[in-house]
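Undergrad: Okay, structure incoming, though there's no sequence with it:
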(Lines give C-alpha, C1' and ligand atoms only; values in the text may rest on other atoms or scores of the structure.)
Protein backbone atom coordinates (compact mmCIF):
# COMPACT_ATOMS: atom_id res chain seq x y z
CA UNK A 1 0.00 0.00 0.00
CA UNK A 2 1.18 3.50 -0.85
CA UNK A 3 0.68 6.44 1.50
CA UNK A 4 0.47 10.00 0.20
CA UNK A 5 0.00 13.36 1.97
CA UNK A 6 -3.60 14.10 2.85
CA UNK A 7 -3.13 17.32 0.88
CA UNK A 8 -1.34 16.56 -2.36
CA UNK A 9 -1.31 17.03 -6.12
CA UNK A 10 -4.71 15.75 -7.39
CA UNK A 11 -2.95 13.55 -9.94
CA UNK A 12 -1.43 11.30 -7.27
CA UNK A 13 -4.60 9.47 -6.17
CA UNK A 14 -5.81 9.28 -9.76
CA UNK A 15 -2.58 7.67 -10.96
CA UNK A 16 -2.58 5.20 -8.07
CA UNK A 17 -6.21 4.25 -8.71
CA UNK A 18 -5.57 3.70 -12.42
CA UNK A 19 -2.51 1.59 -11.59
CA UNK A 20 -4.59 -0.58 -9.25
CA UNK A 21 -2.47 0.40 -6.25
CA UNK A 22 -4.11 0.56 -2.83
CA UNK A 23 -3.32 3.81 -1.05
CA UNK A 24 -3.95 5.75 2.11
CA UNK A 25 -2.96 9.15 3.42
CA UNK A 26 -0.88 10.69 6.18
CA UNK A 27 -1.63 14.00 7.86
CA UNK A 28 0.36 16.94 6.53
CA UNK A 29 -1.05 20.43 7.23
CA UNK A 30 -2.16 21.79 10.59
CA UNK A 31 -5.63 23.10 11.39
CA UNK A 32 -4.83 26.49 9.83
CA UNK A 33 -4.06 24.80 6.52
CA UNK A 34 -0.97 26.97 6.18
CA UNK A 35 1.75 25.21 8.22
CA UNK A 36 3.19 21.70 8.53
CA UNK A 37 1.78 19.49 11.29
CA UNK A 38 5.01 17.56 11.70
CA UNK A 39 3.96 15.76 14.89
CA UNK A 40 0.82 14.31 13.31
CA UNK A 41 2.72 13.55 10.11
CA UNK A 42 5.38 11.53 11.90
CA UNK A 43 2.82 9.83 14.16
CA UNK A 44 1.08 8.55 11.04
CA UNK A 45 4.32 7.53 9.33
CA UNK A 46 5.32 5.48 12.38
CA UNK A 47 2.00 3.61 12.28
CA UNK A 48 2.06 2.14 8.77
CA UNK A 49 3.06 -1.48 8.09
CA UNK A 50 6.74 -2.20 7.52
CA UNK A 51 7.65 -2.20 3.84
CA UNK A 52 4.97 0.32 2.86
CA UNK A 53 5.46 2.84 0.06
CA UNK A 54 5.65 6.49 1.15
CA UNK A 55 5.32 9.37 -1.30
CA UNK A 56 6.97 12.70 -0.50
CA UNK A 57 7.16 16.00 -2.36
CA UNK A 58 10.89 16.71 -2.49
CA UNK A 59 10.45 20.51 -2.40
CA UNK A 60 7.83 23.20 -3.10
CA UNK A 61 4.95 20.97 -1.99
CA UNK A 62 2.09 21.20 -4.45
CA UNK A 63 -0.46 22.60 -3.72
CA UNK A 64 0.48 24.18 -0.37
CA UNK A 65 4.10 25.32 -0.64
CA UNK A 66 4.70 23.84 2.85
CA UNK A 67 7.93 21.82 3.12
CA UNK A 68 9.72 20.04 5.99
CA UNK A 69 12.92 21.67 7.25
CA UNK A 70 16.29 19.98 6.76
CA UNK A 71 16.22 18.72 10.37
CA UNK A 72 12.73 17.35 9.82
CA UNK A 73 13.89 15.55 6.67
CA UNK A 74 16.57 13.83 8.77
CA UNK A 75 13.88 12.60 11.16
CA UNK A 76 11.73 11.43 8.24
CA UNK A 77 14.72 9.51 6.89
CA UNK A 78 15.18 7.72 10.22
CA UNK A 79 11.50 6.73 10.29
CA UNK A 80 11.66 5.37 6.74
CA UNK A 81 14.87 3.44 7.46
CA UNK A 82 13.54 1.91 10.67
CA UNK A 83 10.35 0.71 8.97
CA UNK A 84 11.94 -0.38 5.70
CA UNK A 85 9.74 1.92 3.64
CA UNK A 86 10.17 2.37 -0.09
CA UNK A 87 10.17 6.12 -0.64
CA UNK A 88 8.90 7.84 -3.76
CA UNK A 89 9.85 11.47 -4.38
CA UNK A 90 7.76 13.70 -6.63
CA UNK A 91 10.39 16.19 -7.80
CA UNK A 92 8.52 18.72 -9.94
CA UNK A 93 9.96 22.06 -8.82
CA UNK A 94 13.69 21.54 -8.31
CA UNK A 95 15.37 24.94 -8.54
CA UNK A 96 12.17 26.92 -7.87
CA UNK A 97 12.58 27.07 -4.07
CA UNK A 98 16.08 28.41 -3.46
CA UNK A 99 17.08 29.06 -7.07
CA UNK A 100 19.77 26.40 -6.68
CA UNK A 101 18.86 22.96 -8.11
CA UNK A 102 21.56 21.35 -5.96
CA UNK A 103 20.18 22.83 -2.74
CA UNK A 104 16.60 21.93 -3.66
CA UNK A 105 17.66 18.29 -4.05
CA UNK A 106 18.58 18.10 -0.35
CA UNK A 107 15.95 15.55 0.69
CA UNK A 108 16.61 13.25 -2.26
CA UNK A 109 20.37 13.32 -1.76
CA UNK A 110 19.93 12.74 1.97
CA UNK A 111 17.98 9.53 1.33
CA UNK A 112 20.33 8.43 -1.46
CA UNK A 113 23.43 8.92 0.71
CA UNK A 114 21.77 6.78 3.37
CA UNK A 115 21.55 3.95 0.80
CA UNK A 116 17.77 4.01 0.77
CA UNK A 117 16.01 2.22 -2.05
CA UNK A 118 13.74 4.77 -3.66
CA UNK A 119 12.04 6.10 -6.77
CA UNK A 120 12.44 9.71 -7.90
CA UNK A 121 10.07 11.14 -10.52
CA UNK A 122 11.54 14.34 -11.97
CA UNK A 123 9.66 16.81 -14.13
CA UNK A 124 11.41 19.35 -16.37
CA UNK A 125 8.12 21.02 -17.32
CA UNK A 126 8.55 24.01 -15.00
CA UNK A 127 12.26 24.43 -14.40
CA UNK A 128 13.04 24.17 -18.13
CA UNK A 129 9.90 25.88 -19.42
CA UNK A 130 8.89 22.74 -21.34
CA UNK A 131 5.37 22.28 -20.01
CA UNK A 132 3.90 21.28 -23.37
CA UNK A 133 6.54 18.60 -23.93
CA UNK A 134 5.81 16.69 -20.68
CA UNK A 135 9.48 15.80 -20.30
CA UNK A 136 11.06 14.33 -17.19
CA UNK A 137 13.15 11.48 -15.85
CA UNK A 138 12.46 8.50 -13.60
CA UNK A 139 15.29 7.44 -11.29
CA UNK A 140 15.23 4.17 -9.36
CA UNK A 141 17.81 3.53 -6.63
CA UNK A 142 18.22 -0.18 -5.85
CA UNK A 143 20.33 -2.25 -3.50
CA UNK A 144 22.00 -4.32 -6.25
CA UNK A 145 22.88 -4.18 -9.93
CA UNK A 146 20.84 -7.35 -10.58
CA UNK A 147 17.75 -5.72 -9.12
CA UNK A 148 18.40 -2.60 -11.21
CA UNK A 149 18.45 -4.73 -14.39
CA UNK A 150 15.16 -6.37 -13.47
CA UNK A 151 13.50 -3.03 -12.75
CA UNK A 152 14.82 -1.53 -16.00
CA UNK A 153 13.32 -4.46 -17.87
CA UNK A 154 9.92 -3.94 -16.24
CA UNK A 155 10.02 -0.20 -16.93
CA UNK A 156 10.65 -0.88 -20.62
CA UNK A 157 7.62 -3.18 -20.71
CA UNK A 158 5.44 -0.55 -19.02
CA UNK A 159 6.66 2.29 -21.23
CA UNK A 160 6.06 0.17 -24.33
CA UNK A 161 2.39 -0.22 -23.42
CA UNK A 162 1.99 3.44 -22.45
CA UNK A 163 3.57 5.31 -25.33
CA UNK A 164 5.88 2.94 -27.20
CA UNK A 165 8.47 5.52 -28.23
CA UNK A 166 7.99 8.84 -26.47
CA UNK A 167 8.62 12.22 -28.17
CA UNK A 168 12.29 13.14 -27.92
CA UNK A 169 12.17 16.88 -28.60
CA UNK A 170 11.95 18.06 -24.97
CA UNK A 171 14.38 15.44 -23.72
CA UNK A 172 16.98 16.51 -26.30
CA UNK A 173 16.67 20.13 -25.19
CA UNK A 174 17.27 19.18 -21.55
CA UNK A 175 20.17 16.90 -22.49
CA UNK A 176 21.74 19.66 -24.58
CA UNK A 177 21.52 22.19 -21.73
CA UNK A 178 22.69 19.90 -18.93
CA UNK A 179 25.42 18.36 -21.08
CA UNK A 180 27.08 21.68 -21.90
CA UNK A 181 28.88 23.61 -19.14
CA UNK A 182 28.05 27.12 -20.36
CA UNK A 183 24.43 26.30 -21.17
CA UNK A 184 24.03 24.64 -17.77
CA UNK A 185 25.38 27.76 -16.01
CA UNK A 186 23.01 29.96 -18.03
CA UNK A 187 20.06 27.71 -17.09
CA UNK A 188 21.01 27.81 -13.40
CA UNK A 189 21.17 31.61 -13.53
CA UNK A 190 17.72 31.79 -15.12
CA UNK A 191 16.35 29.33 -12.55
CA UNK A 192 17.74 31.54 -9.80
CA UNK A 193 16.17 34.63 -11.37
CA UNK A 194 12.76 32.96 -11.43
CA UNK A 195 13.04 31.68 -7.85
CA UNK A 196 14.29 35.04 -6.59
CA UNK A 197 11.36 36.82 -8.22
CA UNK A 198 8.93 34.49 -6.47
CA UNK A 199 10.76 35.04 -3.16
CA UNK A 200 10.66 38.80 -3.64
CA UNK A 201 6.92 38.68 -4.35
CA UNK A 202 6.35 36.66 -1.17
CA UNK A 203 8.32 39.20 0.85
CA UNK A 204 6.54 42.16 -0.76
CA UNK A 205 3.11 40.62 -0.11
CA UNK A 206 3.99 39.81 3.50
CA UNK A 207 5.44 43.29 4.10
CA UNK A 208 2.31 44.95 2.67
CA UNK A 209 -0.04 42.79 4.77
CA UNK A 210 1.92 43.55 7.95
CA UNK A 211 2.43 47.26 7.17
CA UNK A 212 -1.32 47.72 6.68
CA UNK A 213 -2.10 45.48 9.67
CA UNK A 214 -4.50 43.26 7.72
CA UNK A 215 -6.34 41.02 10.16
CA UNK A 216 -4.65 37.66 10.61
CA UNK A 217 -1.22 36.10 10.93
CA UNK A 218 0.58 36.11 7.58
CA UNK A 219 3.97 34.60 8.48
CA UNK A 220 3.20 31.51 6.41
CA UNK A 221 3.44 33.62 3.24
CA UNK A 222 7.22 33.78 3.65
CA UNK A 223 7.73 30.38 5.30
CA UNK A 224 6.10 28.47 2.44
CA UNK A 225 8.10 27.65 -0.69
CA UNK A 226 7.75 27.69 -4.44
CA UNK A 227 5.08 29.01 -6.78
CA UNK A 228 1.99 28.22 -4.71
CA UNK A 229 0.64 29.33 -1.37
CA UNK A 230 -2.19 28.26 0.86
CA UNK A 231 -3.03 31.75 2.09
CA UNK A 232 -5.53 30.75 4.76
CA UNK A 233 -8.12 33.06 3.18
CA UNK A 234 -11.55 31.54 3.83
CA UNK A 235 -14.00 30.66 1.06
CA UNK A 236 -16.49 33.42 1.94
CA UNK A 237 -13.69 35.99 1.62
CA UNK A 238 -12.61 34.44 -1.68
CA UNK A 239 -16.19 34.86 -2.92
CA UNK A 240 -16.24 38.54 -1.95
CA UNK A 241 -12.86 39.14 -3.57
CA UNK A 242 -14.30 37.70 -6.78
CA UNK A 243 -17.66 39.41 -6.75
CA UNK A 244 -16.70 42.82 -5.34
CA UNK A 245 -13.11 43.30 -6.49
CA UNK A 246 -12.66 40.96 -9.47
CA UNK A 247 -9.76 39.21 -7.75
CA UNK A 248 -9.81 35.49 -8.47
CA UNK A 249 -8.35 32.50 -6.64
CA UNK A 250 -9.39 28.97 -5.73
CA UNK A 251 -12.10 28.64 -3.08
CA UNK A 252 -9.59 27.06 -0.66
CA UNK A 253 -7.48 30.23 -0.71
CA UNK A 254 -4.68 28.79 -2.82
CA UNK A 255 -2.89 31.23 -5.09
CA UNK A 256 -0.04 31.17 -7.56
CA UNK A 257 2.43 33.62 -6.05
CA UNK A 258 3.86 34.18 -9.53
CA UNK A 259 0.59 35.92 -10.47
CA UNK A 260 1.37 38.82 -8.12
CA UNK A 261 3.68 41.72 -8.92
CA UNK A 262 4.54 45.25 -7.79
CA UNK A 263 1.54 46.67 -9.67
CA UNK A 264 -1.19 44.49 -8.17
CA UNK A 265 -0.03 43.54 -4.65
CA UNK A 266 -1.46 46.70 -3.08
CA UNK A 267 -4.75 46.22 -4.93
CA UNK A 268 -4.98 42.73 -3.44
CA UNK A 269 -4.00 43.87 0.07
CA UNK A 270 -6.39 46.85 0.05
CA UNK A 271 -9.25 44.55 -0.92
CA UNK A 272 -8.39 42.27 2.00
CA UNK A 273 -8.44 45.23 4.39
CA UNK A 274 -11.95 46.17 3.20
CA UNK A 275 -13.18 42.63 3.83
CA UNK A 276 -11.17 41.46 6.84
CA UNK A 277 -10.41 44.69 8.64
CA UNK A 278 -7.30 45.13 10.80
CA UNK A 279 -5.85 43.43 13.87
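TA: Everything's here; your move. Given the structure is predicted, the values throughout are model-derived calculations rather than measurements.

Undergrad: Now do the helix or strand harbouring residue 73: everything it contacts.
TA: According to DSSP states H and E, residue 73 maps onto helix 70-82. Contact with helix 70-82 is made by 36, 38, 42, 45-46, 54, 56, 68, 85, 87, 106-107, 110-111, 114, 116, as judged by Cβ atoms under 8 Å, 6 or more residues apart in numbering. Backbone N, C-alpha and C define where each C-beta goes, glycine included.

Undergrad: What segments of the protein are strands?
TA: Counting by DSSP state E, the chain has strands at residues 2-5, 23-26, 53-57, 86-91, 118-123, 136-141, 228-230, 254-256.

Undergrad: Buried residues, the last one. List them.
TA: Applying a neighbour-count criterion of 16 or more other Cβ atoms under 10 Å, one finds 254-255 buried in strand 254-256.

Undergrad: Taking the contacts of helix 70-82, please make a ChimeraX selection of just the buried ones.
TA: Those of the contacts of helix 70-82 that count as buried under 16+ other Cβ under 10 Å are selected in ChimeraX with:
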select :36,38,42,45,54,56,68,85,87,106,107,111,116
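
Undergrad: Out of the contacts of helix 70-82, which is nearest to residue 191?
TA: residue 106 (15.7 Å; Cβ to Cβ).

Undergrad: List the contacts of that closest one.
TA: Residue 106 neighbours (Cβ under 8 Å, 6+ apart): 59, 70, 73.

Undergrad: The second one: neighbour count?
TA: Read it as residue 70. Neighbourhood size, residue 70 [other Cβ atoms under 10 Å]: 11.

Undergrad: Who are the contact partners of the residue nearest to residue 26 when sequence neighbours are not counted?
TA: Once flanking residues are discounted, residue 26 sits nearest to residue 44: 3.8 Å by Cβ to Cβ, 6 or more residues apart in numbering. By Cβ under 8 Å, 6+ apart, the contact set of residue 44 is 3, 26-27.

Undergrad: swap in residue 204?
TA: Contacts for residue 204 (Cβ under 8 Å, 6+ apart) come out as 260, 262, 265.

Undergrad: same thing with residue 50?
TA: 83-85.

Undergrad: change it to 6 Å
TA: 83-84 (Cβ atoms under 6 Å, 6 or more residues apart in numbering).

Undergrad: which residues of the stretch 101-250 of the chain fall in helices?
TA: 101-104, 106-113, 145-162, 169-178, 181-211, 220-223, 235-245 (DSSP state H, counting those that start in this stretch).

Undergrad: want to try JSON lines for the contacts of residue 204, with neighbour count, pLDDT and distance to residue 95 as columns?
TA: Formatted as JSON lines, the contacts of residue 204 follow (neighbours: other Cβ atoms under 10 Å; pLDDT from 0 to 100; distance: Cβ to Cβ, whole Å):
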{"residue": "260", "neighbour count": "20", "pLDDT": "95", "distance to residue 95": "20"}
{"residue": "262", "neighbour count": "9", "pLDDT": "90", "distance to residue 95": "23"}
{"residue": "265", "neighbour count": "16", "pLDDT": "97", "distance to residue 95": "24"}
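
Undergrad: Now distance to residue 174 too, for these, in JSON lines please.
TA: Shown next, in JSON lines, are those (distance: Cβ to Cβ, whole Å):
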{"residue": "260", "distance to residue 174": "29"}
{"residue": "262", "distance to residue 174": "32"}
{"residue": "265", "distance to residue 174": "34"}
